[in-house]
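**Student:** Return a 3D structure for these sequence lines:
(one chain, ligands or ions: 1)
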Amino acid sequence: ATTLGASAAEKGRYFGTAVAAYKLSDATYSGILDREFNMITPENEMKWDATEPTQGQFSYSSADQIVSHATAHGQRMRGHALAWHSQQPSWAQNMSGTALRNAMVNHITNVATHYKGKIYAWDVVNEAFADGGGGGRRDSNLQRTGNDWIEVAFRTARAADPGAKLCYNDYNTDGVNAKSNAVYAMVQDFKSRGVPIDCVGFQSHINSGSPLPSDYQANLQRFANLGVDVQITELDIAGSGTAQANSYASVVKACLAVSRCTGITVWGIRDSDSWRSGDTPLLFDNNGNKKPAYTAALDAI
Ligand code: XIL
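**Tutor:** Okay, here's the model as predicted:
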């Protein structure tokens, strides 16, 4: 096939991108989106601050716009993200203890119920582990409600939308390291105790300072061996030219080599759409032209 999505589909995988609702009216943007991609993650529109700006008052119009677009164009959706320390509404940032725990459960129930049946996979919990060598949880208001907040989030999401795959998603977990070891131990524990978890998302924000880990594929495989799917959820790779192209090809090949790697999502369409546009980390240039990284990714599928 001649596009990312169609080629991935031939291999039983998807190729997705993050989408911003306000850009859907940009014809260049939506033209590339609908030609190349068959999975969509809302870049910000399903986050807590966007969907519950005031406690108990839910706001779904921007996210609904993306879901409608996906439905009209035969694209599936990844939901992102139900519980996260970042991009919380200010009312939640100021909460703690039982009140915050109850607010989290209510939030997950409402959002997952609103989108019930429309989401392929939810990032139920995002970025809950600390960076560095300690292998511990990240300190946050959610973590301070008790170490069981993650499993409560997963059980709540399962009850609300039993058909969605439920993922844990994080960054700097792309190779074998203290942080990914800690996530691995949590998944193993969840599996052994019957806490519902179906997938692990590897954001794969790759910087020039810390290139693609050499054990990238092996790391995906060890998680898959625990009995969960793995997905590349927010891929972007700093750089340009052949070096960037080779790294993209390596990520695609690693996913295809792991049978439980179900798909790849890049975190935006054109470099100018990127949250770190200075790194020119995406597959299309500012004008929407294919970069060498695009050709390398397509050829690798
Ligand atoms: C980023 C978005 O791309 C930006 O538009 C926003 O200002 C901040 O969040 N990890 C995640 C994503 O899980 O939700 C983040 O997205 C990038 C890092």
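**Student:** Just the closest residue of the stretch 201-301 of the chain to the ligand, please.
**Tutor:** The ligand sits closest to residue 275 of the stretch 201-301 of the chain, with a gap of 3.4 Å, by Cβ to the nearest ligand atom. In short, each C-beta sits where N, CA and C put it, glycine included.
**Student:** can you pull the buried residues of stretch 292-301?
**Tutor:** Across stretch 292-301, burial judged by 16 or more other Cβ atoms under 10 Å covers 292, 293, 294, 296, 297, 298, 300, 301.
**Student:** Of these, just say which sits nearest to residue 71.
**Tutor:** Proximity of the buried residues of stretch 292-301 to residue 71 (Cβ to Cβ) peaks at residue 301, which lies at 24.9 Å.
**Student:** Up against the ligand, what does the stretch 101-250 of the chain have?
**Tutor:** Near the ligand, the residues belonging to the stretch 101-250 of the chain are 126, 203, 234 when assessed by Cβ under 6 Å from any ligand atom.
**Student:** just to revisit the earlier point, I'd like the secondary structure assignment at the residue of the stretch 201-301 of the chain closest to the ligand, please.
**Tutor:** Following DSSP: H, G, I helix; E, B strand; the rest coil, residue 275 is assigned to coil.
**Student:** Phi first, then psi, for it.
**Tutor:** Note on residue 275: its backbone torsions stand at phi -70, psi -20 [degrees, to the nearest 10].
**Student:** what about it, how many neighbours?
**Tutor:** When neighbours are counted by other Cβ atoms under 10 Å, residue 275 registers 14.
**Student:** And residue 108, by the same measure?
**Tutor:** 26.
**Student:** what about the helix or strand it falls within, average pLDDT?
**Tutor:** According to DSSP states H and E, residue 108 maps onto helix 97-114. Averaging pLDDT along helix 97-114 yields 99.
**Student:** Would you give the sheet partners of the helix or strand following that helix, along with the direction of each?
**Tutor:** Once helix 97-114 ends, the next helix or strand along the chain (criterion: DSSP H and E) is strand 121-126. Using DSSP bridges, the strands paired with strand 121-126 in its sheet are strand 76-84 (parallel), strand 165-170 (parallel).
**Student:** The helix holding residue 108 packs against which elements?
**Tutor:** For helix 97-114, the helices and strands in contact under the criterion 3 or more Cβ pairs under 8 Å, 6 or more residues apart in numbering; DSSP states H and E are helix 48-51, strand 76-84, helix 90-93, helix 149-160.
**Student:** got the ones you listed as a markdown table, with mean pLDDT, mean neighbour count and distance to residue 24 columns?
**Tutor:** Supplementary listing: the helices and strands packed on helix 97-114 in a markdown table, determined by pLDDT from 0 to 100; neighbours: other Cβ atoms under 10 Å; distance: least, Cβ to Cβ, whole Å:
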| stretch | mean pLDDT | mean neighbour count | distance to residue 24 |
| --- | --- | --- | --- |
| helix 48-51 | 99 | 20 | 16 |
| strand 76-84 | 99 | 24 | 14 |
| helix 90-93 | 98 | 15 | 28 |
| helix 149-160 | 99 | 21 | 27 |
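**Student:** and the ones you listed as CSV, adding distance to residue 222?
**Tutor:** Output for these, formatted as CSV (distance: least, Cβ to Cβ, whole Å):
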stretch, distance to residue 222
helix 48-51, 31
strand 76-84, 22
helix 90-93, 34
helix 149-160, 20
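**Student:** nearest to residue 263, of those?
**Tutor:** strand 76-84 (8.8 Å).
**Student:** So which residues make contact with that closest one?
**Tutor:** 14, 16, 38-42, 46-48, 66-67, 70, 104, 107-108, 111-112, 115, 118-127, 142, 149-150, 153, 157, 164, 169, 231, 233, 265 (Cβ atoms under 8 Å, 6 or more residues apart in numbering).
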